[in-house]
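[1] fold the following and give me the result.
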Amino acid sequence: MNIYITGASSGIGEFVAYEYSKMGATIALCARRKEKLEIIEKKCVSLGAKVYTYSIDVTDLSSVKESIDDFLSKVNSIDLVFANAGLGSLDFIEKGNPSSMNQVIETNVIGVQNTVVPFVPKMIEQYSGQIAIVGSVASYVAWPGSGAYAASKFAVRALSESLRRSLPKQIQVTLICPGFVKSEMTEEVQFKPFLIDTEKAAKKIVAAITKKKRVFIFPWQWNLVILFKKIIYLTLGNAFQKKHDRFRNKQS
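    Residues are numbered from 1 along each chain as shown. The predicted model follows:
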């Protein structure tokens, strides 16, 4: 099995790589942090994988395409593209500066397209393969204060649906929508309902990919949250609005 993984230097990407390493896969580990990749490469090899590492930024199409071309020159087919690299941060719209929001959109949307689309010609040629895109429950529930992140995941969900309808049926597309997974990205988040361990999350993700699920939302509690999201919007929206009211009252 030949697999290309982005965001492989920590969190979901790292532990999914470990799961496939146990299966003896040939893996391309991609991330910005070269030092972290080297450490993870050693563990993957010890678990049974053959590994190639690429220090890239997914927003840089040129370097991503170069890594893809290099990996495809070393393997005779591509079985799975795991588009996982992502960025999460609060909007801080009260500062009037959308720079961090723009960075989230660029990484989470443009980065996914840069990762997935260059593999499409090869998958069509071999008439097989699977694309797994890591979205988020935020694509269903837009948290107040995280509009850019939610927007990026809405876009990713739309992209996965379009890919599924655009590609031959022999090429599977799976959208992974996790809630809060223990990782570097969620360390600073104060409110993390239904938090799940990274290794456990990786096992669930690999199982969903193996079953060729179209959409996988987990943990299961988030399916209920999505069902009752109107109540959540009302509660959290009111909380954010009251914060502005309190600030204005202090000023007057």
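[2] so what's L29 closest to, chain neighbours aside?
    Leaving aside its sequence neighbours, L29 sits nearest to A8 (Cβ to Cβ, 6 or more residues apart in numbering; 4.1 Å). From N, CA and C alone the C-beta is placed, and that goes for glycine too.
[3] for the one you found, the count of nearby residues, please.
    30 (other Cβ atoms under 10 Å).
[4] verify the stated contact: it with V58.
    No. A8 is beyond contact range of V58, at 11.1 Å (criterion: Cβ atoms under 8 Å).
[5] what do those two both touch?
    Overlap of the contact sets of A8 and V58 (by Cβ atoms under 8 Å, 6 or more residues apart in numbering) consists of C30.
[6] show me the shaky parts of the stretch 101-250 of the chain.
    Along the stretch 101-250 of the chain, the model assigns pLDDT under 70 to residues 183-194, 221-223, 225-226, 229-250.
[7] ok, which stretches of it are strands?
    In the stretch 101-250 of the chain, the strands defined using DSSP state E, counting those that start in this stretch lie at 129-134, 171-178, 215-218.
[8] packing partners for the last one?
    Using 3 or more Cβ pairs under 8 Å, 6 or more residues apart in numbering; DSSP states H and E, the elements in contact with strand 215-218 are strand 171-178, helix 198-210.
[9] change it to 6 Å
    Packing partners of strand 215-218 (3 or more Cβ pairs under 6 Å, 6 or more residues apart in numbering; DSSP states H and E): strand 171-178.
[10] if I take the strand it packs on and strand 129-134, what angle do their directions form?
    Interaxial angle of strand 171-178 relative to strand 129-134 (axes from the mean of the first three to the mean of the last three Cα atoms, to 10 degrees): 20 degrees.
[11] chain center to strand 171-178: distance?
    Mean-position distance between strand 171-178 and its chain equals 10 Å (Cα atoms, centre = their mean, to the nearest Å).
[12] Q170: how many residues sit nearby?
    For Q170, the neighbour count with other Cβ under 10 Å is 12.
[13] what's near enough to touch it?
    Counting by Cβ atoms under 6 Å, 6 or more residues apart in numbering, Q170 touches Y127, S128.
[14] now swap in the one 5 residues further on and tell me
    L175 sits next to I133, G135, S160, V215 when contact means Cβ under 6 Å, 6+ apart.
[15] what about 7 Å?
    Contacts for L175 (Cβ atoms under 7 Å, 6 or more residues apart in numbering) come out as I133, G135, R157, S160, R214, V215.
[16] with K74 instead?
    Counting by Cβ under 7 Å, 6+ apart, K74 makes contact with Y52.
[17] picking that back up, can you turn the buried part of the contacts of L175 into a PyMOL selection?
    Here is the PyMOL command that selects the buried residues among the contacts of L175 (16 or more other Cβ atoms under 10 Å):
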select buried, resi 133+135+157+160+215
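[18] thanks a lot, see you next time.
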